[in-house]
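1. Quick one, what's the 3D model for this:
(one chain, ligands or ions: 1)
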Amino acid sequence: MLGMMMHRPLSIIEILRFAAQSYPKGEVISVRTEGDLHRTNYADTFARVGQLAHALQALGINPGDRVATLAWNGYRHFELYYAISGSGAVCHTINPRLSAEQMTYIVQHAGDRVIFTDTTFVPILEGLKDQLPAGLRFVIMTDRAHMPDNTLDALCYEELLDGQPTSFDWPELDENTAAGLCYTSGTTGNPKGALYSHRSTLLHAFGCAVTVQTCLREGVRIMPVVPLFHVNAWGLPYSAPLTGASLIFPGGALDGASLFKLMDETGVNSSWGVPTVWQGLLDEIAKQGRNPNGFNEVIVGGSAAPRSMIEKFETSGVNVCHAWGMTEMSPIGTHGLLNEDMKTRSFKDQMDLKSTQGRRIMGVELKIVDENGARQPHDGQAVGELYVRGNGIISGYFNNPEASAAAIDAEGWFGTGDIASINEDGFLLIQDRAKDLIKSGGEWISSIDLENVVMSHPDVASCAVIAVAHPKWDERPLLVVVPVPGKTPQKAEIDALLLQHVAKWQLPDAMELVDALPLTATGKVSKLTLRQQFAGYKLPDMD
Ligand code: AMP
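-> Residues are numbered from 1 along each chain as shown. I've put the predicted structure just below:
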């Protein structure tokens with residue numbers, strides 16, 4: 001027997017309409033490319049989003065069309081998220097850190113009709129223009145006074161909105177209608193597109209709202225440093241207005257000093273971003289000898305947060321939530337918030353839990369499987385490839401049947417490519433990416449474990465551990481270190497530190513000092529490039 005309840009399609013624009021009515025004064029503060037700090041709220045944003053939807057219509061954008069953005073975190077980018085999807089088109093966020101080749105590929109693959117760009121990225125588009133499809137239009141996200149000279153024949157964002165009515169007759173869309181498109185950073189092969197729907201986006205936002213309650217609530221000021229141009233800024237453009245939290249957008253200045261200043265000025269409570277960014281902020285905090293005004297929580301993810309970083313924040317009174325997720329998952333899968341019982345445990349026990357990737361959010365199921373696809377127990381011991389299932393997770397890649405077939409297993413779960421264990425309480429511990437685990441003599445060595453420990457050495461600025469082919473053991477670990485300026489870390493000292501945490505046979509066979517580590521477009525260490533750089537490396541016992 002079926003229930004007898006109304007079926008109203010889940011729709012993204014409803015989030016903003018709800019915020020405009022329930023939290024009209026919820027703030028949206030942005031560092032603009034114009035150089036100033038811009039302040040608005042959810043009620044005024046909803047009105048401008050209506051104007052923008054009219055402007056899109058005037059540009060000839062039809063339902064299903066892909067409209068791209070190439071922009072920092074700011075209020076205009078936020079407006080585009082809603083106006084594009086609300087009018088039935090698809091908001092394709094482009095990562096400006098992609099290579100020219102990858103950017104050209106995804107614009108073509110997505111079939112974008114218009115690109116909305118910040119002034120910062122105009123030169124990139126000018127350089128690519130000849131390879132991009134004919135007929136592609138460009139809109140520069142500023143006012144007439146700040147329009148740069150350009151060869152794009154570009155339109156001006158504020159002029160498009162000027163004089164448009166603030167109310168728009170939002171179409172009633174099937175909730176499975178595509179709403180957003182984001183390509184993975186594509187560390188191997190061509191980037192692949194995750195195509196989100198209205199339904200998946202709302203269910204993910206609800207899942208985050210009921211799970212991450214420390215900050216997703218009215219009155220809290222959240223700063224997404226995680227970009228709107230990648231992984232939907234971890235869903236904050238949706239979950240923050242849904243819950244009445246305010247948004248502080250940092251624009252393009254993401255160094256520790258700029259973030260500290262912005263946080264201080266605007267009273268940011270909760271900051272979301274990758275470990276690299278928080279290292280910069282921690283340095284600034286150490287320099288100033290205090291936390292920014294009102295700062296009490298950091299959500300860290302995108303790559304593993306070193307335990308030393310978590311402890312530094314926690315001992316200075318900042319609650320750390322270590323989260324894990326993927327572009328393909330909308331993106332949040334797990335969070336590291338502790339329940340009341342866990343908060344009564346010793347500091348060490350709490351740090352043990354917080355150093356893991358935490359527990360699943362509502363709506364995400366996790367399983368780990370061995371090489372044959374057999375499920376492994378959630379006992380904290382068994383390690384396997386992590387698979388996920390849920391309404392916010394892709395069922396395949398956009399226009400890519402081959403990659404889609406490889407991504408989903410026979411039971412309909414998505415393979416993350418991460419190697420993990422899960423304990424009895426549901427805490428996920430990511431051991432590594434499948435391709436980054438080091439298998440030595442049939443035994444696993446986790447490069448993440450080694451890196452976490454090495455990062456706590458005072459002379460180490462950053463590091464990575466990669467596998468080097470070895471005639472006897474198949475693979476052995478090589479440690480690559482970027483030293484703190486003026487310091488020369490010694491391998492013997494690092495080994496001694498490591499030996500407090502890992503077995504002797506797991507110690508890196510060699511250490512190389514470098515000036516910088518290669519990064520992917522999303523700012524993570526590119527192990528692929530590093531492995532290429534050290535291909536054929538001779539370890540000491542290989543002469
Ligand atoms: P992306 O789609 O670019 O966000 O990359 C997702 C991948 O980043 C995941 O599959 C993990 O390999 C890695 N990742 C994300 N968050 C974490 C985390 N907290 N700890 C370890 N790895 C992470």
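
2. can you list the residues of the stretch 401-543 of the chain near the ligand?
-> 416-418, 430, 433, 522 (CB under 6 Å from any ligand atom). Bear in mind the C-beta positions are built from the backbone N, C-alpha and C, glycine included.

3. Any chance you could list what contacts stretch 213-223?
-> The contact list for stretch 213-223 (CB atoms under 8 Å, 6 or more residues apart in numbering) reads 23, 26-27, 208-209, 236, 239-240, 242-250, 259, 262-263, 266-272, 294, 297, 299, 319, 321, 337.

4. Arg32: which of the residues of the stretch 401-543 of the chain next to the ligand is nearest?
-> Nearest to Arg32 among these is Thr522, at 23.4 Å by CB to CB.

5. Distance check, the closest one against Met326.
-> From Thr522 across to Met326, the span is 11 Å (CB to CB, to the nearest Å).

6. just Leu429 next, same as before
-> Leu429 is 16 Å from Met326, by CB to CB.

7. Looking at neighbours, which among the residues of the stretch 401-543 of the chain next to the ligand is most surrounded?
-> Among these, Thr416 has the most neighbours (other CB atoms under 10 Å), with 24 neighbours.

8. Next, the nearest residue to that residue once chain neighbours are set aside: phi, psi?
-> Nearest non-adjacent residue to Thr416, counting by CB to CB, 6 or more residues apart in numbering: Leu386, 4.6 Å away. When read as degrees, to the nearest 10, the backbone of Leu386 gives phi -90, psi 130.

9. For the helix or strand harbouring Val468, which helices and strands make contact with it?
-> Using DSSP states H and E, Val468 falls within strand 460-470. Where contact means 3 or more CB pairs under 8 Å, 6 or more residues apart in numbering; DSSP states H and E, strand 460-470 is packed against strand 438-440, helix 447-455, strand 474-483, helix 527-533.

10. out of these, which comes closest to Met362?
-> helix 447-455 (26.6 Å).

11. Does Thr488 touch Leu513 like I think?
-> Yes. At 7.2 Å, Thr488 counts as touching Leu513 under the criterion of CB atoms under 8 Å.

12. that older thread, tell me the angle the strand holding Val468 makes with helix 447-455.
-> 140 degrees (axes from the mean of the first three to the mean of the last three CA atoms, to 10 degrees).

13. Could you list the paired strands of strand 460-470 along with their orientation?
-> strand 474-483 (antiparallel) (DSSP bridges).

14. If you count neighbours, what's buried in the strand it pairs with?
-> Within strand 474-483, the residues that count as buried by 16 or more other CB atoms under 10 Å are 475-483.

15. Equivalent analysis for stretch 263-270, please.
-> Under 16+ other CB under 10 Å, the buried positions of stretch 263-270 are 263-264, 266, 268-270.

16. do stretch 371-386 as well
-> In terms of neighbour count (16+ other CB under 10 Å), stretch 371-386 has its buried residues at 376, 378, 383-386.

17. Using PDB, write out the CA atom coordinates for the helix of greatest length in the chain.
-> Ordering each helix of the chain by length in residues (DSSP state H) puts helix 42-58 first. These are the backbone C-alpha positions of helix 42-58, laid out as PDB (Å, rounded to 0.1, in the frame of the first residue of the first chain):
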ATOM      1  CA  TYR A  42      19.400  36.500   1.800                       C
ATOM      2  CA  ALA A  43      16.300  38.700   1.100                       C
ATOM      3  CA  ASP A  44      18.200  41.000  -1.200                       C
ATOM      4  CA  THR A  45      20.000  38.100  -2.800                       C
ATOM      5  CA  PHE A  46      16.800  36.400  -3.700                       C
ATOM      6  CA  ALA A  47      15.600  39.600  -5.400                       C
ATOM      7  CA  ARG A  48      18.900  39.900  -7.400                       C
ATOM      8  CA  VAL A  49      18.700  36.200  -8.300                       C
ATOM      9  CA  GLY A  50      15.200  37.000  -9.900                       C
ATOM     10  CA  GLN A  51      16.900  39.700 -11.900                       C
ATOM     11  CA  LEU A  52      19.700  37.400 -13.000                       C
ATOM     12  CA  ALA A  53      17.100  34.700 -14.100                       C
ATOM     13  CA  HIS A  54      15.500  37.400 -16.400                       C
ATOM     14  CA  ALA A  55      19.000  38.300 -17.700                       C
ATOM     15  CA  LEU A  56      19.700  34.600 -18.500                       C
ATOM     16  CA  GLN A  57      16.400  34.400 -20.300                       C
ATOM     17  CA  ALA A  58      17.400  37.500 -22.300                       C
END
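
18. any idea how far it is from the chain center?
-> Put simply, helix 42-58 sits 27 Å off its chain's centre (CA atoms, centre = their mean, to the nearest Å).

19. just checking, Ile248 is part of a strand?
-> Yes. Ile248: assigned to a strand according to DSSP: H, G, I helix; E, B strand; the rest coil.

20. what's around it, how many residues?
-> Ile248 has 27 nearby residues by other CB under 10 Å.

21. any chance of the residues of the stretch 401-543 of the chain next to the ligand in a markdown table, with secondary structure, pLDDT and distance to Leu216 too?
-> A markdown table is the format used below for these (DSSP: H, G, I helix; E, B strand; the rest coil; pLDDT from 0 to 100; distance: CB to CB, whole Å):
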| residue | secondary structure | pLDDT | distance to Leu216 |
| --- | --- | --- | --- |
| Thr416 | strand | 94 | 24 |
| Gly417 | strand | 89 | 28 |
| Asp418 | strand | 89 | 25 |
| Ile430 | strand | 91 | 23 |
| Arg433 | strand | 68 | 29 |
| Thr522 | coil | 79 | 23 |
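
22. Closest to Phe78 out of these?
-> Nearest to Phe78 among these is Thr522, at 20.0 Å by CB to CB.

23. Now that closest one: phi and psi?
-> Thr522 adopts backbone torsions of phi -100, psi 10, taken as degrees, to the nearest 10.

24. just Val210 next, same as before
-> Main-chain dihedrals, Val210, degrees, to the nearest 10: phi -80, psi -20.

25. Contact partners for it?
-> Met362.

26. Against Ile361, how distant is it?
-> 8 Å.

27. Tell me where the stretch 1-150 of the chain has helices.
-> Taking DSSP state H, counting those that start in this stretch to define them, one finds helices in the stretch 1-150 of the chain at 12-22, 42-58, 75-86, 100-110, 122-128.

28. now the ones you listed as TSV including distance to Cys463, mean pLDDT and mean neighbour count?
-> What follows is the helices of the stretch 1-150 of the chain, written out as TSV (distance: least, CB to CB, whole Å; pLDDT from 0 to 100; neighbours: other CB atoms under 10 Å):
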stretch	distance to Cys463	mean pLDDT	mean neighbour count
helix 12-22	41	98	20
helix 42-58	42	98	21
helix 75-86	34	98	25
helix 100-110	27	91	18
helix 122-128	31	96	16
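
29. Save those helices as a markdown table, and put in distance to His204 too.
-> Formatted as a markdown table, the helices of the stretch 1-150 of the chain follow (distance: least, CB to CB, whole Å):
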| stretch | distance to His204 |
| --- | --- |
| helix 12-22 | 11 |
| helix 42-58 | 20 |
| helix 75-86 | 14 |
| helix 100-110 | 21 |
| helix 122-128 | 30 |
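
30. hey, C-alpha coordinates of stretch 70-89 in PDB?
-> As requested, C-alpha coordinates have been extracted for stretch 70-89 and formatted as PDB (Å, rounded to 0.1, in the frame of the first residue of the first chain):
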ATOM      1  CA  LEU A  70      34.900  30.700 -13.600                       C
ATOM      2  CA  ALA A  71      35.000  32.700 -10.300                       C
ATOM      3  CA  TRP A  72      36.200  33.100  -6.700                       C
ATOM      4  CA  ASN A  73      33.900  32.700  -3.700                       C
ATOM      5  CA  GLY A  74      31.700  35.800  -3.800                       C
ATOM      6  CA  TYR A  75      28.000  36.900  -3.800                       C
ATOM      7  CA  ARG A  76      27.700  37.000  -7.600                       C
ATOM      8  CA  HIS A  77      28.900  33.500  -7.900                       C
ATOM      9  CA  PHE A  78      26.400  32.500  -5.200                       C
ATOM     10  CA  GLU A  79      23.700  34.300  -7.200                       C
ATOM     11  CA  LEU A  80      24.600  32.300 -10.300                       C
ATOM     12  CA  TYR A  81      24.300  29.000  -8.400                       C
ATOM     13  CA  TYR A  82      20.600  29.800  -7.800                       C
ATOM     14  CA  ALA A  83      19.500  31.700 -11.000                       C
ATOM     15  CA  ILE A  84      21.000  29.100 -13.300                       C
ATOM     16  CA  SER A  85      19.600  26.000 -11.600                       C
ATOM     17  CA  GLY A  86      16.300  27.800 -10.700                       C
ATOM     18  CA  SER A  87      15.600  28.600 -14.300                       C
ATOM     19  CA  GLY A  88      16.200  24.900 -15.300                       C
ATOM     20  CA  ALA A  89      19.700  25.300 -16.700                       C
END
